[in-house]
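S.K.: coords below, sequence missing:
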């Protein structure tokens, strides 16, 4: 049976000041009425029941997660005592799924990405499930066909097509780190490179075996946690075991090393919502080319992204290609292409003793 | 005797969003603990008693004026039913002063300029009073020696020195409109041009005579108001008479036409506080060259003027030479050299139905 596993461990630095330590990106309503977290579960709500939906998140975000997803069984929220990147996170979920359902298949999704077409997504996941059912040893990831020479994603080079009726599915030939601009242009033109969407489909048992093979220390931790699965002792066991687990991404830990890794071209629209620029991609600009959410008035201003609350006016004069984000206690004005700047800013706020704004 | 006449009719457009329709510039604490209005009266408080201090302001601002100046007799606030520029404003004050004190001398000052050195100012006013006492027909204005080729002030060309011991005092040879940049450079280099400070010293009787000669319609209105001076009927009379008065500045109406107009070089520091840039002139910048009032954190940002409330953080990334002003219900981000832009913005806010933010 298919299980949804939602990775909700993000710190949300890139959406400061809307996202905060206590309110990471998945909790924000960036598009429409649902938060990104709610939209992620809604997307699969029609065909994966909440009993088979799992959220892995920091324990400090568990209460808000449950508030936003009141139908979810509380025991389906896996509370990490600290962040250890995606490999331990996926390991925990695989342990739970396999305990419940030894043949369980996991659809692993970040909690804070945007996929507007739920029907296309479902169709694609069904194809992925067919592939991993056909070959239970395979680890499948969705690759997104690049539309511009993005330098902030990892890329996947596709190899041979999968055997059988597998149009759009290939063996992975190589993983490529975030490229420089020139290399990104080459990947774009070449046509056989994909963005790594971070959306995966595989058997819980298969990923646990892969973890055992490539990351034995993580696997041993999972083995020690296994007796506590489904018991009242789970959180205590997690508190004892999790902090010592190796912090590593599933890509580095497993996917770049394993055999049977395949990529399925994502036939759905996808956005990682990696920066404020995502708003401009998803929302029509006004006549002056500004993307606006809230009361705004601009003079000689264009290419800006404006986000403010309904009761607070933002006005700009002679401002181009900037992000202006007003929240009740903090306002950001930034060049919209400087995503690194936000990381530096969050660091500087910490150094300056402005933690209360983080 | 010397009377202080404070012209407080400003609409405060240029300091939006701190200044509003109901809170023009003179009511703002831009420098230190006092509002500009309070500082204007404090400057002369040691030598002109409140009984001889007059504020001419819009009737809608009378209550706040009195709140900020609780020692002022309420009858010394002259409540204009509408704005009619400085000639009618000064005419009203002259009428009041002359009724109280036929030989009264008026020190006329805008309510929203900044003169940090009260002692130097007093000394200069005493010299001015000596000049108009010596020649009661003279109309004296303070000229400020230009320090840069400003294009937003009117200029005064000085002529012959006044006779007697009058170093720094000259006949006015000509008034010059706001110049273009090239002309402003010429004025700066020439050395015998001054900025018109808008601070005047003259006999109340003399300015009333000049109004009679050059603006007979205003003079007739003042004559009709005269019987109401000091009576309970004053405000009603003003309501009947004032709206029909000609809207014209004292410069156009009188000073550019009259004889005996003289300029005394201001030996005091003066700032008209005409835009947010005044904050940068008056306050030391931080290491990155930003002038900051309130919690601020900047990455790769310089030459900015930041004004925010104590509980609200402003953060900038890659922002240069901009003004960022946060107030509880509106935020402005503007190129700091675009003073015309603020006027356009206020107009646009009105057109867009955002009057509640004005």
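M.R.: Perfect, I can see it now. Keep in mind the model is a prediction, meaning the values are calculated, not measured. Numbering: from 1, shown residues only, chains lettered A, B, ... in the order given.

S.K.: Quick check: residues of the stretch 201-350 of chain A near chain B?
M.R.: A:295, A:297, A:299-300, A:308, A:311-319, A:322, A:324, A:326, A:328-335, A:338, A:341-342, A:344-345, A:348-349 (Cβ under 8 Å from any Cβ of the partner chain). The way it works is simple: take the backbone N, C-alpha and C, and place the C-beta from them, glycine included.

S.K.: Quick check, residue A:271 in contact with residue A:117.
M.R.: No: judged on Cβ atoms under 8 Å, residue A:271 makes no contact with residue A:117 at a distance of 11.7 Å.

S.K.: out of these two, which sits in the more crowded spot?
M.R.: residue A:271 (17 against 14; other Cβ atoms under 10 Å in any protein chain shown).

S.K.: Mind pulling up the pLDDT for that one?
M.R.: Reading off the confidence values, residue A:271 has pLDDT 93.

S.K.: what's the closest non-adjacent residue to it?
M.R.: Counting by Cβ to Cβ, 6 or more residues apart in numbering or on different chains, residue A:271 lies nearest to residue A:114, which is 4.3 Å off, once chain neighbours are set aside.

S.K.: tell me the contacts of that neighbour?
M.R.: A:30, A:31, A:36, A:39, A:270, A:271, A:272, A:273, A:278, A:282 (Cβ atoms under 8 Å, 6 or more residues apart in numbering or on different chains).

S.K.: tell me which element the first one is part of?
M.R.: Using DSSP states H and E, residue A:30 sits within no helix or strand.

S.K.: before we move on, the earlier item: which one of the contacts of residue A:114 is nearest residue B:96?
M.R.: residue A:30 (60.7 Å; Cβ to Cβ).

S.K.: coming back round to it: please pick the buried ones from the residues of the stretch 201-350 of chain A next to chain B.
M.R.: Neighbour-count burial (16 or more other Cβ atoms under 10 Å in any protein chain shown) applied to these gives A:295, A:297, A:299-300, A:308, A:312-319, A:322, A:324, A:326, A:330-335, A:338, A:341-342, A:345, A:349.

S.K.: now the strands for the stretch 151-300 of chain A?
M.R.: Using DSSP state E, counting those that start in this stretch, the strands of the stretch 151-300 of chain A run over A:155-161, A:169-176, A:193-203, A:261-265, A:291-293, A:296-299.

S.K.: With mean pLDDT added, can I get those strands in JSON lines?
M.R.: What follows is those, written out as JSON lines (pLDDT from 0 to 100):
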{"stretch": "strand A:155-161", "mean pLDDT": "96"}
{"stretch": "strand A:169-176", "mean pLDDT": "96"}
{"stretch": "strand A:193-203", "mean pLDDT": "97"}
{"stretch": "strand A:261-265", "mean pLDDT": "97"}
{"stretch": "strand A:291-293", "mean pLDDT": "96"}
{"stretch": "strand A:296-299", "mean pLDDT": "97"}
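
S.K.: Switch those strands over to JSON lines; also include distance to residue B:127.
M.R.: Listed next are the strands of the stretch 151-300 of chain A as JSON lines, based on distance: least, Cβ to Cβ, whole Å:
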{"stretch": "strand A:155-161", "distance to residue B:127": "78"}
{"stretch": "strand A:169-176", "distance to residue B:127": "79"}
{"stretch": "strand A:193-203", "distance to residue B:127": "76"}
{"stretch": "strand A:261-265", "distance to residue B:127": "86"}
{"stretch": "strand A:291-293", "distance to residue B:127": "56"}
{"stretch": "strand A:296-299", "distance to residue B:127": "44"}
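
S.K.: closest to residue B:6 out of those?
M.R.: Of all the strands of the stretch 151-300 of chain A, strand A:296-299 comes closest under Cβ to Cβ, at 32.4 Å.

S.K.: Pairing partners for the closest one, with directions?
M.R.: strand A:313-317 (parallel) (DSSP bridges).

S.K.: residues making contact with the strand it pairs with?
M.R.: With Cβ under 8 Å, 6+ apart as the criterion, strand A:313-317 contacts A:294-301, A:304, A:306, A:308, A:322, A:324, A:326, B:17, B:329-335, B:338, B:341-342, B:344-345, B:349, B:354, B:357.

S.K.: Among those residues, which ones are in helices?
M.R.: Among the contacts of strand A:313-317, DSSP state H puts B:341, B:342, B:344, B:345, B:349 in helices.

S.K.: can you narrow the residues you listed to ones near chain A?
M.R.: B:341, B:342, B:344, B:345, B:349.

S.K.: At the geometric centre of chain A, which residue sits there?
M.R.: residue A:110 (2.7 Å; Cα atoms, centre = their mean).

S.K.: secondary structure element for residue A:38?
M.R.: Residue A:38 belongs to helix A:36-45, assigned by DSSP H and E.

S.K.: Can you list the buried residues in that helix?
M.R.: A:36, A:37, A:38, A:39, A:40, A:41, A:43, A:44, A:45.

S.K.: tell me the contacts of the third one?
M.R.: Shown here is residue A:38, whose contacts under the criterion Cβ under 8 Å, 6+ apart are A:68, A:69.

S.K.: Apply 6 Å and report the result again.
M.R.: residue A:68 (Cβ atoms under 6 Å, 6 or more residues apart in numbering or on different chains).

S.K.: Could you list the low-pLDDT ranges of chain A?
M.R.: Counting by pLDDT under 70, chain A has low-confidence residues at A:12, A:165-166.

S.K.: Please identify which of the buried residues of helix A:36-45 is nearest to chain B.
M.R.: Proximity of the buried residues of helix A:36-45 to chain B (Cβ to the nearest Cβ) peaks at residue A:36, which lies at 22.9 Å.

S.K.: ok so, going back, the buried residues of helix A:36-45 into TSV, with extra columns for distance to residue B:237?
M.R.: Supplementary listing: the buried residues of helix A:36-45 in TSV, determined by distance: Cβ to Cβ, whole Å:
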residue	distance to residue B:237
A:36	66
A:37	68
A:38	67
A:39	68
A:40	72
A:41	73
A:43	73
A:44	78
A:45	74
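
S.K.: Among those residues, which one lies nearest to residue A:140?
M.R.: Within the set of the buried residues of helix A:36-45, residue A:44 lies nearest residue A:140; the separation is 16.1 Å, counting by Cβ to Cβ.

S.K.: if I read this right, the closest one contacts residue A:3, doesn't it?
M.R.: No: with contact defined as Cβ atoms under 6 Å, residue A:44 does not reach residue A:3; the gap is 9.9 Å.

S.K.: I'd like to know which elements the host helix or strand of residue A:7 is packed against.
M.R.: Taking DSSP H and E as the definition, one finds residue A:7 inside strand A:2-8. Packing partners of strand A:2-8 (3 or more Cβ pairs under 6 Å, 6 or more residues apart in numbering or on different chains; DSSP states H and E): strand A:53-58, helix A:86-100, strand A:105-110.

S.K.: Residue A:223: which of these is closest?
M.R.: Between those, helix A:86-100 lies closest to residue A:223; by Cβ to Cβ that is 9.1 Å.

S.K.: Tell me the helices and strands packed up against that closest one.
M.R.: strand A:2-8, strand A:53-58, helix A:204-214, helix A:216-225, helix A:250.

S.K.: could you check the distance from residue A:353 over to residue A:19?
M.R.: Separation of residue A:353 from residue A:19 (Cβ to Cβ, to the nearest Å): 20 Å.

S.K.: These two: which has the busier surroundings?
M.R.: residue A:19 (22 against 7).

S.K.: got a list of what residue A:344 touches?
M.R.: residue B:299.

S.K.: Ok, the one 4 residues further on next?
M.R.: Counting by Cβ under 6 Å, 6+ apart, residue A:348 touches residue B:297.

S.K.: again with residue A:288
M.R.: Neighbours of residue A:288 in contact, by Cβ under 6 Å, 6+ apart: A:298, A:302.

S.K.: let's go with 8 Å and repeat that
M.R.: Applying Cβ under 8 Å, 6+ apart, the residues contacting residue A:288 are A:298, A:301, A:302.
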